[in-house]
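S.K.: Give the three-dimensional model of this entry:
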Amino acid sequence: MERDYPLERVRNFGIIAHIDAGKTTTSERVLYYTGSQHKIGEVHEGDTTTDWMEQERERGITITAAAITCFWAPTYLSADERKKTENKYRFNVIDTPGHIDFTVEVKRSLRVLDGAVVVFDGVAGVEPQSETNWRYAEEAQVPRICFINKLDRTGASFERSYKSILDRLSKKAVRMQIPLGEEDAHEGVIDLLKMKMYKFEGELGRDVVEHDIPAELKADADKYRHELVERIVENDDGLMSAYLEGREVALEDLKKTLRKAVIENKIFPVFTGSALKNKGVQLVLDSVVDYLPSPLDIPPIKGVDPRNGEEVIRHASDTDPFAALAFKLQADPFVGQLTFFRVYSGTIEAGTYLYNSTTGEKERLGRIVRLQANDREEVKKVYAGEIAAAVGLKNAKTSHTFCDEDHPIILDQITFPEPVISLRIEPKTKADQEKMGLALKRLSDEDPTFRIKSDQETGETVIMGMGELHLEIIVDRMKREFSVEANVGKPQVAYKETIMGEAEVENKYIKQSGGKGQYGHVRITIKPLEKRDPEAKVPKNVKISEGFEFIDSIKGGVIPQEFIPAVEKGVKEAMERGVTAGYKMTDISCELTFGSYHDVDSSEIAYKIAASQAFQEAARKAKPVILEPIMKVEVVVPDKFMGDITGNLSSRRGQVEGMEERGELKVIRAKVPLAEMFGYVTSLRSMTEGRGSSTMEFDHYEVVPANVALSIIESRK
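M.R.: Below you'll find the predicted structure:
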């Protein structure tokens, strides 16, 4: 069986944006225009394809990233040419959530995509979540196309939104189009490369009709075209000299050079339109074909050979050894567990065995499906550069690598943000108890930012997540998908503890009670963890994990090598319960400098206990402090409420960092402790007659002021 689409005609891209900028509406237009569905679903009517979960349809927001496969032939081909299969491109599109609580979906999707279409609201321009998503895309080095949407809305302004992209995201953005009218008068777009005007006519704007540019817009179009052409020719010396000599540069040459610059992240083209009013989406799809990379255009994927730790490379080719990354798990009510994976090299067939190099296990790959949001199409074989889902894998988790057993490789893990908010949860009845454990495990496998732990002292179950909405949805899903009824406590802040000073402690753990005794003796030094240069080589005697570094400085075997992991384990376990208020400790460097052992009585457990006790004593001496999550808050309000809002933020221990105007409204940006932000949305509404809105996302951890620390410690007693 041959691959049905050559690799250079495959595009894997995501649609990312701030909440409410119109991603899902844009995705629905993509499905409609590519012929994947015969009607357009609307978010406000609750019948969209990519928002298929009940919770998504009720709330009108996207919660999970949905994958869709569709086919597109560019509109600049003739009607007959567009019908031919050889002129079509395969799109694997992922529609991602915009709400900050589900940011994990964006992060993991960008890890496996080759490009992204970033959607902006034409009224608000760049919003907080646009910045976060842009940062994730920068980290993943993903080429981007910008689409300023909603130009039909009252208050929309292409120029203002475009300026916010230049100011807040990147100076490398450049306009490819200008709109024909805004707000009610928005009728179409002007393409600055071709110098033509396009209107979208026929049923649901299906027909893209080319016109000449109206005389009154000609001067603007000429001015902006010069800017655009200058930005493109900067990337090619040959074109640059032709342009400077005044020669006309051919359209094909401009497009070819622009494509190369977009793939190298040197230019971010900006398009415009209104997805809801069916204007401009097809031209964005053309630009995906013209400027976003195929799997062949991106650098080969790097990984590590687990046998010797050396770097290995895999090229996007069906003949290279198989390598794929699992980036998402989803519980499907009809077929069970789905494991989404992106194939970077080689091929895999249904019915064969899949080797998981992260765990070293093999599993039978029964069925492979390609997804249309929540509809499935079975496929026998998946090729390099494709995205598919495996049915029923038991032991695969997000971020695991699948590969050819004879040519093992482990690809880079996806790193996820830490949860900042927690809830106590208990099953309502005995029958719910067993089901709850199972449901929580399934949900935490699916979502790496959702954690479960049991409180040792009270025996209660605590769930942790990225925000109030995140945990609300989890509890709602437990009820609907797993029929588990639960009582839920109040949301709590996920505080942490750390140390500000340095301390050295020596501790012996000795037990003699007839027969074999216990003997462990360690001396450790702890101090705050310093930031390491990610490029710097880590010395052999240093072990680094999240928020912790362990340095083994034992000389001359005073503690035998086999007991050193037990010392590290003892320290790590002691860090789970801080010395100030019992919160988990973080950002600590621990050095094991000396100790001794007993030929008969020394054991792993003795060293573990000795190290644990030594750490607790040292932590008490090393100026322990409590850390709290600080949130980045953006409040949008009418001018007259400005003073009330800034005063209220200050009373919540907030620091106002900046203000700006957005049309008639004022935008206030501040950093506020999460502990002070519970129920903020309700009080904001009452302060602003229901006209204010706010968004918040986690920014960093900071030391809690002394008076607040006292009340936290009191409440923990």
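
S.K.: Could you name the helices and strands sitting against the lengthiest strand in the chain?
M.R.: Assignment by DSSP state E gives strand 624-638 as the longest strand of the chain. Judged by 3 or more Cβ pairs under 8 Å, 6 or more residues apart in numbering; DSSP states H and E, strand 624-638 is in contact with strand 496-499, helix 642-651, strand 665-673, strand 693-703, helix 706-716. In this view, the C-beta of every residue, glycine as well, is placed from N, C-alpha and C.

S.K.: Could you list every helix and strand that the second one packs against?
M.R.: For helix 642-651, the helices and strands in contact under the criterion 3+ Cβ pairs under 8 Å, 6+ apart are strand 624-638, strand 655-662, strand 665-673, helix 680-687.

S.K.: Identify the residues contacting it?
M.R.: Applying Cβ atoms under 8 Å, 6 or more residues apart in numbering, the contact partners of helix 642-651 are 633, 635, 637, 656, 659, 666, 668, 670, 672, 683-684, 687-688, 692.

S.K.: Buried residues, it. List them.
M.R.: Across helix 642-651, burial judged by 16 or more other Cβ atoms under 10 Å covers I645, T646, N648, L649.

S.K.: Those: which two are farthest apart?
M.R.: T646 and N648 (7.4 Å; Cβ to Cβ).

S.K.: thinking again about what came up before, and the helices and strands packed on helix 642-651: which comes nearest E530?
M.R.: Of all the helices and strands packed on helix 642-651, strand 624-638 comes closest under Cβ to Cβ, at 16.5 Å.

S.K.: Report the mean confidence score over the closest one.
M.R.: Mean pLDDT, strand 624-638: 91.

S.K.: That one pairs with which strands?
M.R.: In the sheet, strand 624-638 lines up against strand 496-499 (antiparallel), strand 665-673 (antiparallel), strand 693-703 (antiparallel) (DSSP bridges).

S.K.: out of those, deepest packed?
M.R.: strand 496-499 (a mean of 24; mean count of other Cβ atoms under 10 Å).

S.K.: So for the next helix-or-strand element following that one, what gets flagged as buried?
M.R.: Next along the chain after strand 496-499, taking DSSP states H and E as the criterion, comes strand 503-511. By neighbour count with 16+ other Cβ under 10 Å, strand 503-511 contains the buried residues A503, E504, V505, N507, Y509.

S.K.: how near is the closest residue in space to the third one that isn't next to it in sequence to E591?
M.R.: So that's V505. Spatially, and ignoring its direct neighbours in sequence, V505 is nearest to A618 (4.1 Å; Cβ to Cβ, 6 or more residues apart in numbering). Remark: distance between A618 and E591 (Cβ to Cβ, to the nearest Å) = 11 Å.

S.K.: neighbour-wise, which of these two wins?
M.R.: A618 (26 against 17; other Cβ atoms under 10 Å).

S.K.: Any regions of the stretch 401-550 of the chain where pLDDT drops low?
M.R.: Low-confidence segments of the stretch 401-550 of the chain, defined by pLDDT under 70, are located at 456-458, 514.

S.K.: Can you identify each of the strands in it by residue range?
M.R.: For the stretch 401-550 of the chain, applying DSSP state E, counting those that start in this stretch gives strands covering 401-403, 410-411, 421-427, 451-454, 461-465, 486-488, 492-493, 496-499, 503-511, 518-528, 542-545, 548-552.

S.K.: Let me have these in CSV, extended by distance to G437.
M.R.: Formatted as CSV, these follow (distance: least, Cβ to Cβ, whole Å):
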stretch, distance to G437
strand 401-403, 28
strand 410-411, 30
strand 421-427, 9
strand 451-454, 9
strand 461-465, 8
strand 486-488, 11
strand 492-493, 21
strand 496-499, 26
strand 503-511, 35
strand 518-528, 34
strand 542-545, 27
strand 548-552, 28
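
S.K.: for those, which one sits closest to I559?
M.R.: That would be strand 518-528 among the strands of the stretch 401-550 of the chain, by Cβ to Cβ, at 7.2 Å.

S.K.: Could you name the helices and strands sitting against the closest one?
M.R.: Against strand 518-528 (3+ Cβ pairs under 8 Å, 6+ apart) you get strand 496-499, strand 503-511, helix 564-575, strand 588-596, helix 604-621.

S.K.: List just the one of the ones you listed that sits closest to S357.
M.R.: helix 564-575 (23.1 Å).

S.K.: Pull out the buried residues from that closest one.
M.R.: By neighbour count with 16+ other Cβ under 10 Å, helix 564-575 contains the buried residues I564, A566, V567, E568, K569, G570, V571, K572, A574, M575.

S.K.: Could you dump the buried residues of helix 642-651 into CSV and include distance to Y607?
M.R.: CSV is the format used below for those (distance: Cβ to Cβ, whole Å):
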residue, distance to Y607
I645, 56
T646, 55
N648, 53
L649, 50
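
S.K.: Export these as JSON lines, with columns for distance to K256 and pLDDT.
M.R.: What follows is the buried residues of helix 642-651, written out as JSON lines (distance: Cβ to Cβ, whole Å; pLDDT from 0 to 100):
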{"residue": "I645", "distance to K256": "50", "pLDDT": "92"}
{"residue": "T646", "distance to K256": "51", "pLDDT": "93"}
{"residue": "N648", "distance to K256": "55", "pLDDT": "93"}
{"residue": "L649", "distance to K256": "51", "pLDDT": "94"}
